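1. Any chance you could fold what I've pasted below:
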Amino acid sequence: MIYLDNSATTRPYDEVIHEMRRMQEECFGNPSSLHRMGLQAEMALRSARKKVADALHADPGELLFTGSGGGAYANRRRGNKIIVTAIEHPAVLTACQKLERDGFTVAVIGVDRHGLVDLDELKRTVDASTILVSVMAVNNELGTVQPLEAIGNILQNIGGILFHTDGVQAMGKIPVDLAACHLDLMSVSAHKIHGPKGVGALYVKKGTKLEPLIYGGGQEHGLRGGTENTPGIVGFGIAAEQQQKNQEARIDQIQLVRTHLMSELKDKIEDCVINSPENVWGQDSVENGVSSPSILNVSFPGCRGEVLLHTLEQKEIFVSTGAACSSRKKASQVLTAAGLPAALTESAIRFSISEFNTTEEMDVVVATLATATEGMRNLRRRTNLGR
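-> Numbering: from 1, shown residues only. Reported below is the predicted structural model:
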């Protein structure tokens with residue numbers, strides 16, 4: 001099996017599975033209980049919080065294990081305008097639709113051909129009523145790294161605007177300097193870094209005012225009620241800890257595999273189109289457009305992406321046509337927002353790479369794709385000639 005859908009989810013580390021099982025079997029107390037088992041669970045929770053915070057270079061007190069937070073509601077008295085980009089994940093865009101129904105104004109700013117945010121449009125859009133700006137650190141379909149530091153400086157000069165980033169695809173792949181970017185909020189997810197599903201974390205800069213959306217027993221500083229998913233959180237901590245070990249070598253390996261895949265696709269498959277920025281983080285400045293080392297989006301005109309996906313699946317090669325949360329839609333919202341024509345959006349494949357992939361695997365992928373695309377294009381030519 002060759003798994004290249006790591007932006008959708010990752011295989012958990014063996015260490016994560018082992019420790020989560022131990023928590024379920026030996027340390028299953030409620031972290032809020034006062035007896036010994038509760039204290040053991042609380043200590044495990046505290047340790048995991050520090051591990052995830054260390055991976056983000058944040059203070060443990062700035063980290064909440066939560067799936068929600070009401071930054072917009074908490075600042076409603078000051079204004080009602082929220083700014084997002086056209087290529088945000090559905091987790092952000094759907095939340096914004098709910099906020100619009102509650103009376104907020106949501107402004108959507110555009111991106112260029114490679115998904116890079118338009119800073120001039122951002123400057124024009126920000127006004128006195130703006131209370132929140134959300135720009136994802138790394139786009140989940142194109143891999144584009146956004147200029148968070150430049151955006152943070154723009155907002156810092158205005159003052160009083162919360163700055164949030166969806167850091168799900170950035171964690172463990174590229175560095176995000178929370179202070180330099182003037183970030184108030186950053187959301188991350190365990191299952192994107194070889195941790196368990198269903199566990200996320202929110203970095204909240206000290207002094208940032210939030211209103212809880214889930215009420216309960218006062219857990220997570222009163223911002224996310226409900227008994228903590230201790231085994232899942234501990235698994236998140238282990239995954240974050242593992243990501244920090246030999247991080248440079250691990251990222252170099254991912255980048256090597258991506259570069260090899262891109263080179264072989266361009267060499268072996270005629271007319272394929274690289275949709276992601278070709279350079280990766282560290283090779284060029286972010287303002288010129290760079291990609292995460294883990295994502296490569298490619299179109300194969302004359303073929304349907306979904307058909308290619310299932311053709312590869314038959315060979316035990318797993319890729320995607322876009323975000324798993326919206327993959328059943330006809331066209332990619334991200335590629336459409338980037339201005340790609342239908343011929344490219346309909347034939348696009350996303351390859352998302354992990355440290356477990358190899359260049360040898362990429363040779364198998366390219367050979368399989370070359371055969372599949374040639375067959376599909378020949379069939380299309382014969383069909384057109386027969387009309």
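2. Stretch 3-19: which residues count as buried?
-> By neighbour count with 16 or more other C-beta atoms under 10 Å, stretch 3-19 contains the buried residues 3-10, 12-13, 16, 19. Placement of C-beta: from N, CA and C, glycine included.
3. any idea where the helices of the stretch 151-300 of the chain begin and end?
-> With helices called from DSSP state H, counting those that start in this stretch, the stretch 151-300 of the chain shows them at 230-244, 247-268.
4. helices or strands next to the first one in the packing?
-> If I follow you right, that is helix 230-244. The helices and strands touching helix 230-244, judged by 3 or more C-beta pairs under 8 Å, 6 or more residues apart in numbering; DSSP states H and E, are helix 14-26, helix 36-56.
5. If you count neighbours, what's buried in the longest one?
-> Neighbour counts using 16+ other C-beta under 10 Å place 40-42, 44-45, 48-56 of helix 36-56 among the buried residues.
6. so it versus helix 14-26, what angle?
-> Between helix 36-56 and helix 14-26, the angle comes out at 160 degrees (axes from the mean of the first three to the mean of the last three C-alpha atoms, to 10 degrees).
7. What mean pLDDT does helix 36-56 get?
-> Averaging pLDDT along helix 36-56 yields 92.
8. At the geometric centre of this protein, which residue do we find?
-> Centre of the chain computed as the mean C-alpha position; nearest residue by C-alpha atoms, centre = their mean is Gln169, 2.9 Å away.
9. got the contact list for that residue?
-> When contacts are counted by C-beta atoms under 8 Å, 6 or more residues apart in numbering, Gln169 touches 7, 136-140, 143, 192, 292, 294-295.
10. can you name the two of those residues that are farthest apart?
-> The span of the contacts of Gln169, defined through C-beta to C-beta, is set by Met136 and Ser294 at 14.4 Å.
11. could you pull out the strands for this protein?
-> With DSSP state E, the ranges of strands along the chain come out as 2-3, 63-64, 81-85, 105-109, 130-134, 162-166, 185-189, 200-204, 273-274, 295-299, 317-318, 348-352.
12. Include distance to Gly235 and mean pLDDT when you put those strands into CSV, please.
-> Conversion of the strands of the chain to CSV gives the following (distance: least, C-beta to C-beta, whole Å; pLDDT from 0 to 100):
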stretch, distance to Gly235, mean pLDDT
strand 2-3, 19, 98
strand 63-64, 15, 90
strand 81-85, 30, 95
strand 105-109, 34, 95
strand 130-134, 27, 94
strand 162-166, 21, 95
strand 185-189, 12, 94
strand 200-204, 12, 92
strand 273-274, 35, 97
strand 295-299, 24, 98
strand 317-318, 23, 98
strand 348-352, 21, 98
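13. between the ones you listed, which one is nearest to Val364?
-> Per C-beta to C-beta, nearest to Val364 of the strands of the chain: strand 2-3, 6.4 Å.
14. outside of that closest one, which residues touch it?
-> Contacts for strand 2-3 (C-beta under 8 Å, 6+ apart): 11, 316-318, 354, 356-357, 361, 364-365.
15. now stretch 192-200
-> 6-7, 9-13, 16, 20, 65-67, 168-169, 171-172, 187-191, 229, 231-233, 235-236, 238-240, 242-243, 354.
16. repeat that for 7 Å
-> Identification of contacts with stretch 192-200 by C-beta atoms under 7 Å, 6 or more residues apart in numbering yields 9-13, 16, 20, 65-67, 168-169, 171-172, 187-191, 229, 232-233, 235-236, 239-240, 242-243.
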